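[1] Make a model of this:
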Amino acid sequence: MCSFGIAITALSTVFGAVGQYTQYKSQVSAQEASAKYNAQIAAQEAATQQQLAQNEIAKGAADRERLLRSGARHMGEMRSQLGASGFTMDSGSSLSLLGESAEEIQYDANVVSQNAAMAAWQHQVGATRAVNDQNWANFQKQQAKGSRTAQWLGLGGTILGGLGTGLKQYNDLKKTK
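    Numbering: from 1, shown residues only. Model (predicted):
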């Protein structure tokens, strides 16, 4: 009867070890797949954010150029009107008016550039955040691979525990005979 108990212990140990191995294997595979997917998504997000930052800079440069050209046309019209009205443009209020207008145009152009830089910076922050997410996902993937060692140690523990129980039952059986 005790030899039947030893056989049951051995079968229980084998089934437990196989179940434990299967559970660990599927768990690690799922963790690795999830981490790999998250890393890919984060990499795509980083690339998208970088592209958006470059787009903001290019849009800002185009808007600034358009504003400066419009301002130059406006300054030309002012000079033309002042000249047609008989004002001299090298002194007095005419010179002051032209100078102030040029300063306002330059200020507006600087504001456009600054706004574009701020919008680009926000996208660059998003890209950095996405790269950090990608690094974290890669770390999780490595952690999942590292848990394979724990899997084998747990499996070994299950087998050794079952072996110990079986040997104890065998020794008990020998003592009773």
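[2] all helices of the protein, in order?
    Along the chain, the segments classed as helices by DSSP state H run 2-84, 92-176.
[3] Can you tell me which helices and strands the last one packs against?
    In this structure, helix 92-176 makes packing contacts with helix 2-84, judged by 3 or more C-beta pairs under 8 Å, 6 or more residues apart in numbering; DSSP states H and E. To be clear about C-beta, it is placed using only N, CA and C from the backbone, and glycine gets the same treatment.
[4] Name the residue closest to the centre of the protein, please.
    The residue lying closest to the centre of the chain (C-alpha atoms, centre = their mean) is Ala130, at 1.9 Å.
[5] so it touches Gln50, yeah?
    No. Applying C-beta atoms under 8 Å as the test, Ala130 and Gln50 come out as separate, 9.0 Å apart.
[6] if we can go back for a sec, which residues touch the residue nearest to the centre of the chain?
    Neighbour list for Ala130: Ala42, Ala43, Glu45, Ala46, Gln49 [criterion: C-beta atoms under 8 Å, 6 or more residues apart in numbering].
[7] The third one: neighbouring residues, count only.
    Translated: Glu45. Residues lying near Glu45 (other C-beta atoms under 10 Å) number 17.
[8] nearest residue to it other than its sequence neighbours?
    Leaving out its chain neighbours, the residue that sits closest to Glu45 by C-beta to C-beta, 6 or more residues apart in numbering is Ala130, at 3.9 Å.
[9] picking that back up, any chance of the helices of the chain in CSV, with mean pLDDT too?
    Output for the helices of the chain, formatted as CSV (pLDDT from 0 to 100):
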stretch, mean pLDDT
helix 2-84, 86
helix 92-176, 84
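[10] measure the nearest residue to Leu97 once chain neighbours are set aside to Ser94 for me?
    Counting by C-beta to C-beta, 6+ apart, Met78 is the residue found nearest to Leu97 once chain neighbours are left out, at 7.2 Å. Distance, Met78 to Ser94, using C-beta to C-beta, to the nearest Å: 9 Å.
[11] and what of Leu52?
    Taking C-beta to C-beta as the measure, Leu52 falls 45 Å from Ser94.
[12] ok, Ala53 touching Gln124?
    Yes. Counting by C-beta under 8 Å, Ala53 touches Gln124, with 4.9 Å between them.
[13] Give the residue from the two that has the larger number of neighbours.
    Comparing Ala53 with Gln124 by other C-beta under 10 Å, the one with more neighbours is Ala53, at 21 against 16.
[14] Show the contacting residues for the residue lying closest to the more buried one once chain neighbours are set aside.
    Sequence neighbours aside, His123 is the residue nearest to Ala53 in space, at 3.7 Å (criterion: C-beta to C-beta, 6+ apart). Taking C-beta under 8 Å, 6+ apart, we find His123 in contact with Gln49, Gln50, Leu52, Ala53, Glu56.
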